[in-house]
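> For reference, the sequence and a predicted model appear below.
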There are 2 protein chains.
Amino acid sequence: MTATIDFYFDFSSPYGFLGSEKVEALAGRHGRTVDWHPILLGVVFRQTGAMPLTEVPLKGAYSRRDFARSAKFHGVEGFRMPSRFPIPTQAAARIVLWTKARDPSRTGAVVHALYGAFFRDDDDISQPDVAAAAAARAGVDRSAARGSIDDPAVKEALKAENERAMAVGVFGSPFTIVDGEPFWGVDRFDQIDRWLATGGW
Amino acid sequence: MTATIDFYFDFSSPYGFLGSEKVEALAGRHGRTVDWHPILLGVVFRQTGAMPLTEVPLKGAYSRRDFARSAKFHGVEGFRMPSRFPIPTQAAARIVLWTKARDPSRTGAVVHALYGAFFRDDDDISQPDVAAAAAARAGVDRSAARGSIDDPAVKEALKAENERAMAVGVFGSPFTIVDGEPFWGVDRFDQIDRWLATGGW
């Protein structure tokens, strides 16, 4: 079995989107695969007192500029800020966990479809029908995906995922854990690359 | 006259220290020099509602780990967290502004001496005598440097520097502005490098 790296992300996180577009290549260069962990940053923020970057004075204007600049820097095509932002991301996160439990090999494709719908196509994936339609483009059954959003077991799975994430110290998006070592941000991917190559320093 | 890049930093900022060790080489690769801008993040944080990283739940433990890891990643030798942290940085910032007005070619050396005293030697540079002694190691007169900390004109200069910084959108440390383009963090130095090489994208 291939060793994984753990990638935690919120679907409303622009840096999470950029990370999601780069993390498989990063892992693959070192013979790893990605274990996808959708989380709800809003729940985490209640513990850390943080608020969405774009709502912070001074930082908000900068961050919008940096999202677009960083997308180009990292070679992520088609990024644009959604017209509604931030959004609740339960629907998208639940579809990912449902896919992961049911058809794990499709998980990455579903993450890409949902993230791309939001940050490229400006689809409001907080809406269950919109999220299900986006996921269906990655090959999962649309009405089953739609149903998963209201499934109590899937709701519970997301709650558990979020609790596990906080238990291992996750407080932002993207947040990548490599053999127990935590890295916050797509701007730590250069450190992850060296960490995977050298086994740490 | 050589074009500059503007480097804003607070002496209590570990990432500011890492940036200060790298920014001259970065600027130099593109025929630029560094204009050093010491600021007081505490004043800025009152506007943004931020607090020192190390005091934020979850983020605090991570950030201490990341400071040390990032120092090694960036090849900055001798970094260690000071035993008193964070500290007020008026004394150090005033000595820098006084040097800048009086003997500008020595400004970089004074910044390095003060930052190194705090983040390598664990000297508490919030103490005026300690800050003056550190600056003296960069060749400025020790008692004149000590006097500058209580000089009303220098106090006023720091206040003005801070206000100008906020007026151009500075909200963290390090914060580098290149031909009007703002970059927050030492982890944007890779973007600055490309920006200086290409004139933006």
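On my side now, so go ahead. Residues are numbered from 1 along each chain as shown, chains lettered A, B, ... in the order given.
> what's stretch A:18-26 in contact with?
For stretch A:18-26, contacts defined as CB atoms under 8 Å, 6 or more residues apart in numbering or on different chains pick out A:5, A:7, A:9, A:33-34, A:67, A:70-71, A:74, A:76, A:79, A:108, A:111-112, A:115, A:173-174, A:176, A:185-186, A:189, A:192-193, A:196. The way it works is simple: take the backbone N, C-alpha and C, and place the C-beta from them, glycine included.
> should've said stretch A:111-119
Outside stretch A:111-119, the residues within contact range by CB under 8 Å, 6+ apart are A:9, A:11-12, A:14, A:16-17, A:20-21, A:36, A:38, A:78-82, A:87, A:92, A:95-96, A:123-125, A:130-131, A:134-135, A:137-138.
> from the chain's centre, how far out does that stretch sit?
9 Å (CA atoms, centre = their mean, to the nearest Å).
> re the thing from before, could you turn the buried ones of the contacts of stretch A:111-119 into a PyMOL selection?
To isolate the buried ones among these in PyMOL, judged by 16 or more other CB atoms under 10 Å in any protein chain shown, type:
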select buried, chain A and resi 9+11+12+14+16+17+20+21+36+38+79+82+87+92+95+96+123+125+130+131+134+135+138
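> so of the contacts of stretch A:111-119, which ones are in strands?
Members of the contacts of stretch A:111-119 lying in strands (criterion: DSSP state E): A:Phe9, A:Trp36, A:Pro38.
> From the residues you listed, pick the one nearest chain B.
A:Phe9 (16.3 Å; CB to the nearest CB).
> dump the residue contacts of the closest residue to the closest one other than its chain neighbours.
Spatial nearest neighbour of A:Phe9, excluding adjacent residues (CB to CB, 6 or more residues apart in numbering or on different chains): A:Gly16 at 3.7 Å. Listed by CB under 8 Å, 6+ apart, the contact set of A:Gly16 reads A:Phe9, A:Asp10, A:Tyr115, A:Ser173, A:Pro174, A:Val186.
> With A:Ala145 instead?
By CB under 8 Å, 6+ apart, the neighbours of A:Ala145 are A:Ile95, A:Trp98, A:Thr99, A:Ala131, A:Ala132, A:Ala135, A:Ala136.
> Please, which helix or strand holds it?
helix A:142-148 (DSSP states H and E).
> From the chain's centroid, how far away is the helix or strand of chain A with the lowest mean pLDDT?
Scoring the helices and strands of chain A by mean pLDDT, DSSP states H and E places helix A:41-48 at the bottom, with a mean of 82. Helix A:41-48 has its C-alpha centroid displaced from the chain centroid by 15 Å (CA atoms, centre = their mean).
> Would you map the helices across chain A?
Assigned by DSSP state H, chain A shows helices spanning A:14-28, A:41-48, A:59-73, A:90-102, A:107-119, A:128-136, A:142-148, A:152-167, A:189-198.
> who in chain A is up against chain B?
Residues of chain A lying close to chain B by CB under 8 Å from any CB of the partner chain are A:44, A:47-50, A:56-59, A:61-62, A:65-66, A:69-70, A:72-73, A:166, A:169-172, A:182, A:184-185, A:187-188, A:190-191, A:194, A:201.
> So what's the residue count around the residue lying closest to A:Asp193 once chain neighbours are set aside?
Counting by CB to CB, 6+ apart, A:Leu26 is the residue found nearest to A:Asp193 once chain neighbours are left out, at 6.1 Å. A:Leu26 has 21 neighbours, counted by other CB atoms under 10 Å in any protein chain shown.
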